[in-house]
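1. dropping a prediction and its sequence here:
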Amino acid sequence: MSRGKKLDIFIGADIDDGWAEIQSSRKTTVSDEILDPSKHFLIFKKEKRRGKTVTLVGEFHLPLNDSEAILKILKKKLGCGGAFKDGWMEFQGELKDKLRALLIAEKFRFKSGH
């Protein structure tokens with residue numbers, strides 16, 4: 001095979017064979033219901049992504065700009081990265097205990113056992 005020749009290789013499923021193309025895009029959604037921080041009942045989740053631990057807390061029912069403002073404050077106090085996606089705040093690392101104290105100071109509540 002010479003350097004100037006290109007290979008035309010098709011790998012994958014043909015859409016005509018009953019396979020469907022996925023048309024979903026992950027976007028941050030804002031809940032229709034806006035709640036006061038004292039009426040939230042937050043829970044924690046822990047996930048592994050690419051071998052690293054990610055702490056998720058939510059679900060938040062706040063306007064998008066308020067949620068991002070709280071996220072910015074929390075990231076600065078914790079010294080870590082994070083994001084707000086689909087009503088959940090994601091933080092890099094295992095930060096459950098520190099997050100709980102900071103969110104309680106912001107008047108948020110948690111479900112029992114979380």
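-> Thanks, I have the structure now.
2. flag every buried residue along the longest helix along the chain.
-> Across the chain, the longest stretch assigned as helix under DSSP state H is helix 64-78. Within helix 64-78, the residues that qualify as buried are 67, 70-71, 74-75, 78, counting by 16 or more other CB atoms under 10 Å. For glycine as for every other residue, the C-beta is placed from the backbone atoms N, C-alpha and C.
3. closest to Lys107 out of those?
-> Lowest distance from Lys107 to the buried residues of helix 64-78 (CB to CB) belongs to Ile70, with 10.9 Å.
4. pretty sure that closest one is touching Ala105, no?
-> No: counting by CB atoms under 8 Å, Ile70 sits too far from Ala105 to count as a contact (11.3 Å).
5. tabulate the CA atom coordinates of the longest helix of the chain in CSV.
-> The C-alpha coordinates for helix 64-78 follow below in CSV (Å, rounded to 0.1, in the frame of the first residue of the first chain):
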residue,chain,number,x,y,z
LEU,A,64,-30.1,28.6,37.1
ASN,A,65,-28.2,31.8,38.0
ASP,A,66,-28.8,31.2,41.8
SER,A,67,-27.6,27.6,41.5
GLU,A,68,-24.4,28.6,39.7
ALA,A,69,-23.8,31.3,42.2
ILE,A,70,-24.0,28.8,45.1
LEU,A,71,-21.8,26.4,43.1
LYS,A,72,-19.1,29.0,42.6
ILE,A,73,-19.1,29.8,46.4
LEU,A,74,-18.9,26.1,47.3
LYS,A,75,-16.1,25.4,44.8
LYS,A,76,-14.1,28.3,46.2
LYS,A,77,-14.5,27.2,49.8
LEU,A,78,-13.7,23.6,49.0
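6. check the offset of it from the chain's centre.
-> 13 Å (CA atoms, centre = their mean, to the nearest Å).
7. what packs against that helix?
-> Taking 3 or more CB pairs under 8 Å, 6 or more residues apart in numbering; DSSP states H and E as contact, the helices and strands that helix 64-78 lies on are strand 82-85, strand 88-92, helix 96-105.
8. quick one: buried residues of the last one?
-> By neighbour count, and taking 16+ other CB under 10 Å as the criterion, the buried residues in helix 96-105 are 98-100, 102-103.
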